[in-house]
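Colleague: return a 3D structure for these sequence lines:
(2 chains)
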Amino acid sequence: MTGFKSGASADDPFSDTGDADDDLETESASASESTDSESRDESESAETADREQGQETASETTTASEATTDGETATDSRGLPWIYERNSITDGRKKTVQLHLQKSSLDRERDTRLEIEDVLGESVKKADLREAALLVGLERIDDVADQLREWGYDFD
Amino acid sequence: MLSYTVYSEAGGVGKSSLTANLAAAHARAGLDVLVVPLDPQDGDLSRLLGVDDDRADHEADNLVRHMVGSPRGSFDDLIQSAEGIDVIPEHNLLSDLSDFLTREKQQAEKLGDAYNIYAQLQRVLQEGDIAKQYDVLICDPPATESDHLYNAIYATRNLVIPVEPSAKGEASVDGLQQLATNFADQMGIEVGVLAAVPNGFKGTNDQTELLEEISFPTPEVIGDRTSLMEGCWKQQCSAFEYQREHRDYPRDHELETLAQFDRLARYLEEQRGIEAPHPPEPGALEDEVTV
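Modeller: Predicted coordinates:
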């Protein structure tokens, strides 16, 4: 992985401390195409993304950012898992949504990330962690409803 | 974290102005920005942002001391703020950086240790844990091939290249490509070019032709804004602040330039998958939140 290229470098000289900005509350996370719920939280509407989760190739998207990796995008599907196929964290993530989080949620995310990294034995990108957690959460409707009740939904 | 070095081989293409205004554009959108200017000369970015008070003070702790392992204080204490941007101000000791680094290297070699003179800025920033505290890191090295430049590239891995739309500018982009390729290969790193930013564009046919020769993305082409930039240097502030505080009425063409800085900042953020919390309407002078 050496040399000089048009578009963002894949190197991260500060990777020991986490790939991307742990304190940034608003890193993009894609909402998956969910069947029923609008995945809407109290602070913002998460747009439903139009991409299929996970397996799709990181082919060209319409966002301006893609122009930077022109010629470099993994348009050829070689059947690699997504994280090996893409060139950047936004490849294959067409939709960027803001995520306003409570401080306590951010802390939990940080702690859980370390645990998951322990389980997997490698570092996990924050955007991947968030999207995976979102997908899993959207499958566990009862648990999500309980959390929302704790915040006051369904309050009599 | 988004990190990049603003670099041009030619002087006078508005490198420090571009750096300051990009930093301001990132910051006003709600991102935490650290700027590390490395120019040994006066008339630099610290001057532009009005945080250069200590540059001639030999007693003052400074980045060079940290880079060669002789700090006088904590890393955090080096940082000053202006317009919501954090800056590690330049210090006159930067003119001796190469000597200091060479000495350190010799010392290390005597002891049988490896020492990478180009990795010292990266080491200092990493030890200062900046990836935790900042969303954006911008380095502004001098416009010469130097240890300052190589330390900046090693720490940021990405370049944003201001370009004068002239034959001289084109030659300098070619030269830069050669230089960065060699350095990247030598160091075993990958260097990306996020954008080239033609600056001072007057719209002549020759200039337009030259723009087409640039082999990097040019998301924005900035017009000739001599008056605005001179005003910024005089008042020691970004173009946003200048427009807000020092212009009696807004000039449309200047507001468009501010909008370009905003759009460019968003473009650069996208490269690293970063979304600013409160991106203003491009060029809007009030901090309008468009969430």
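
Colleague: can you tell me the closest non-neighbouring residue to B:A265?
Modeller: Spatially, and ignoring its direct neighbours in sequence, B:A265 is nearest to B:A25 (3.6 Å; C-beta to C-beta, 6 or more residues apart in numbering or on different chains). (C-beta placed from N, C-alpha, C; glycine too.)

Colleague: so the one you found lies in a helix, does it not?
Modeller: Yes: counting by DSSP: H, G, I helix; E, B strand; the rest coil, B:A25 is located in a helix.

Colleague: show me what contacts it?
Modeller: Contacts for B:A25 were tallied using C-beta atoms under 8 Å, 6 or more residues apart in numbering or on different chains; they are B:240, B:261-262, B:264-265.

Colleague: ok, whichever residue of the stretch 51-200 of chain B sits closest to chain A - contacts?
Modeller: With C-beta to the nearest C-beta as the measure, B:G192 is the residue of the stretch 51-200 of chain B nearest to chain A, at 3.4 Å. Counting by C-beta under 8 Å, 6+ apart, B:G192 touches A:4-10, B:157-159, B:271.

Colleague: wait, a strand at B:A171?
Modeller: No: per three-state DSSP, B:A171 lies outside any strand segment and is helix.

Colleague: and the nearest residue to B:Q41 once chain neighbours are set aside, how many neighbours?
Modeller: Closest residue to B:Q41 apart from its sequence neighbours, by C-beta to C-beta, 6+ apart: B:P142 at 6.7 Å. By other C-beta atoms under 10 Å in any protein chain shown, the residues close to B:P142 number 22.

Colleague: quick check, the longest helix seen in chain A touching chain B?
Modeller: What stands out as the longest helix in chain A, according to DSSP state H, is helix A:103-120. No: counting by C-beta under 8 Å from any C-beta of the partner chain, chain B has no neighbours in helix A:103-120; the shortest distance is 10.0 Å.

Colleague: export that helix as PDB, just CAs?
Modeller: The C-alpha trace of helix A:103-120 is given here as PDB (Å, rounded to 0.1, in the frame of the first residue of the first chain):
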ATOM      1  CA  LYS A 103     -23.100  11.200  26.100                       C
ATOM      2  CA  SER A 104     -24.000   8.000  27.900                       C
ATOM      3  CA  SER A 105     -24.700   6.300  24.600                       C
ATOM      4  CA  LEU A 106     -21.400   7.400  23.200                       C
ATOM      5  CA  ASP A 107     -19.600   6.100  26.300                       C
ATOM      6  CA  ARG A 108     -21.300   2.800  25.900                       C
ATOM      7  CA  GLU A 109     -20.500   2.600  22.300                       C
ATOM      8  CA  ARG A 110     -16.900   3.200  23.100                       C
ATOM      9  CA  ASP A 111     -16.800   0.500  25.700                       C
ATOM     10  CA  THR A 112     -18.700  -2.000  23.600                       C
ATOM     11  CA  ARG A 113     -16.400  -1.300  20.700                       C
ATOM     12  CA  LEU A 114     -13.500  -2.500  22.800                       C
ATOM     13  CA  GLU A 115     -15.300  -5.600  23.800                       C
ATOM     14  CA  ILE A 116     -16.300  -6.400  20.300                       C
ATOM     15  CA  GLU A 117     -12.700  -5.800  19.100                       C
ATOM     16  CA  ASP A 118     -11.700  -8.300  21.800                       C
ATOM     17  CA  VAL A 119     -14.200 -10.800  20.500                       C
ATOM     18  CA  LEU A 120     -13.200 -10.400  16.900                       C
END
